[in-house]
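# coordinates only, sequence not included:
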């Protein structure tokens, strides 16, 4: 007789559902199929030198949209999309910009009162490319299977390998190896995308046609306010200035300039006066420090004394708290257009990011409703919009140095001369500031003939620039033109 205690749980199998829909994009009717559910990731297991089959390791939640009226699917582009965190699901790119349905917000990106509405996305990229949204393990409905350790996926290498395996499986099972292949990533998703571009080439021979990097961060030294690292305070200055311009904290002569013209002036100051001052450290003469502090204060809307007290180096937390302190308001990190209220108006940093607080509720509510009601996938697990994984994320490939996947991207572009990159940045993004992205690409080490494979676009919005309606339209126009090549 078998012992129930020794009985193994049933081996997990893929669980997906397919539904058909249509949407109008740029006035054209697009018929498409949505395939939603869990794909099982497996690895070959071995015991005593004998193969034991393919052991289930994790279930990954994927939502794919494929057009039904676009000819040979093998010749149609396919884009794999994911967000960042680390620990974020793909909900933001999925229901914010790329997918056929989107969360309806006010035109400026602020949230309306509940009940929230999901509407057709007239600016989806589904008219240009099929779409596959991937939730990495422990985000969305994705989980390690019983008996396996989720922590294996909570790090740069494990995350990279598992997402690459999802891409390989999807291409194989859907007969899409011949299709032009793209990645779309946002925030840490751009870190992942750069690493994947090299990993997919080296491990699976998958050469990508392009990367769409929204709110990019490849070199973490550009965004870490650590003692001795002057890159972050340097590269944040234009975004601080844009924020001060938006909230009208500048002198009239600066306030009246168009933002692009104003930021050109700020960028010149940053490189020509501010950077040399930081390089001098404590050897900088007091009168020169005072002059630079005055100029910096004028550009970023804070007091001369505040800049001096911070040794000319303004961290993001302190800036977000200081800019509107006299109004007892804070500004957002993801999108500095948004304002917050703290209990302690005299503190050194904000209590919460008001720009994330603004959009969390509608995206959470509508994703949970949409998956069950329209896509037909049911699960009683919580859909993890953002899981707190970043605090303990493992960067074993970058021991004792800043994380930097720019070199992986350079290698991928050198190996594959057809690999193109489009970088989209928001002026009011204080999480991944646009000037830090420019610095990273200026130091990528590309040859002149390779620079034509990189294009950029800029938006008067924040980290999720597409929540603002005019920026959403511009993202669609820029990416459509770029995909057309």
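Now that the structure is in, tell me what you want to look at. Remember, it's a predicted structure, so these values are computed and weren't measured experimentally. Numbers count the residues shown, from 1 in each chain.

# what is the burial count for residue 145?
Residues near residue 145, counting by other Cβ atoms under 10 Å, number 17. (Glycine included, C-beta is placed from N, CA and C.)

# I meant residue 201, not that one.
For residue 201, which is what you asked about, the neighbour count (other Cβ under 10 Å) is 18.

# repeat that for residue 394.
Residue crowding around residue 394 was assessed by other Cβ under 10 Å; the count is 17.

# is it correct that it is in contact with residue 153?
No. At 9.9 Å, residue 394 does not count as touching residue 153 under the criterion of Cβ atoms under 8 Å.

# show me what the biggest helix by length in the chain is in contact with.
As far as residue count goes, and with DSSP state H defining each element, the longest helix of the chain is helix 354-373. Judged by Cβ atoms under 8 Å, 6 or more residues apart in numbering, the contacts made with helix 354-373 from elsewhere in the structure are 36, 63, 89, 91-92, 94-96, 101, 103, 105, 109-112, 114, 116-118, 330-340, 377-378, 383, 385, 462-464, 467.

# how close does the residue nearest the centre of the chain sit to residue 89?
In the chain, the residue lying closest to the centroid (Cα atoms, centre = their mean) is residue 186, at 1.8 Å. Look at residue 186 and residue 89: by Cβ to Cβ, to the nearest Å, they are 11 Å apart.

# okay, and the common contacts of those two?
Common contacts of residue 186 and residue 89 (Cβ under 8 Å, 6+ apart): residue 83.

# show me the contacts for the nearest residue to residue 125 once chain neighbours are set aside.
For residue 125, ignoring the flanking residues on the chain, the nearest one in space by Cβ to Cβ, 6 or more residues apart in numbering is residue 98 at 5.1 Å. Residue 98 makes contact with 79, 81, 124-126, 131, 133, 184, according to Cβ under 8 Å, 6+ apart.

# if you rank those residues by neighbours, which is first?
Highest neighbour count within the contacts of residue 98: residue 184, with 29 neighbours (other Cβ under 10 Å).

# you'd agree that one is up against residue 214?
Yes. Using Cβ under 8 Å, residue 184 makes contact with residue 214 at a distance of 7.2 Å.

# now for the two: what residues contact both?
Looking at what touches both residue 184 and residue 214 (by Cβ under 8 Å, 6+ apart), the common residues are residue 93.

# what about residue 342, which SS state?
Secondary structure state of residue 342, per DSSP: H, G, I helix; E, B strand; the rest coil, is coil.

# do you know how far it is from residue 449?
According to Cβ to Cβ, residue 342 stands 51 Å off from residue 449.

# who has more neighbours, the two?
The neighbour comparison of residue 342 against residue 449 (other Cβ under 10 Å) goes to residue 342, with 16 against 8.

# so that one touches residue 330, yeah?
Yes. Here residue 342 lies in contact with residue 330, judged by Cβ under 8 Å, at a distance of 6.0 Å.

# list residues touching both of the two?
Common contact partners of residue 342 and residue 330 (Cβ under 8 Å, 6+ apart): 321, 350-351.

# quick one: which of those residues is most hemmed in?
Sorting the shared contacts of residue 342 and residue 330 by how many neighbours each has (other Cβ under 10 Å) puts residue 321 first, at 23 neighbours.

# and the contacts of the helix or strand where that one lies?
For residue 321, the element it lies in under DSSP states H and E is helix 316-322. Where contact means Cβ under 8 Å, 6+ apart, the residues beyond helix 316-322 that reach it are 225, 236, 240, 243, 300, 302, 306, 310, 330-333, 336, 342, 347-350, 430.

# for it, what is the average pLDDT?
Mean pLDDT, computed over helix 316-322, is 96.

# and that helix, how far from the chain's centre?
22 Å (Cα atoms, centre = their mean, to the nearest Å).

# stretch 140-158 too?
When C-alpha coordinates are averaged (Cα atoms, centre = their mean), stretch 140-158 and its chain have centres 20 Å apart.

# and it, how far apart are its ends?
Counting by Cα to Cα, to the nearest Å, you get 17 Å between the two ends of stretch 140-158.

# what lies in contact with that stretch?
When contacts are taken as Cβ under 8 Å, 6+ apart, the neighbours of stretch 140-158 outside the stretch itself are 9, 12, 38, 40, 56-61, 86, 89-91, 135-138, 159, 162, 191, 195, 379, 381, 383-384, 389, 392-398, 403.

# now swap in stretch 188-199 and tell me
Residues external to stretch 188-199 that are found in contact with it (Cβ under 8 Å, 6+ apart): 81-86, 88, 93, 156, 159-161, 163-164, 167, 183-185, 208, 211, 213-218, 390, 403, 405-406, 408-409, 411-413, 415, 419, 432.

# bridged to residue 78, which residues?
According to DSSP bridges, the residues that bridge with residue 78 are residue 130, residue 181.

# since that was my last question, I'll sign off now.
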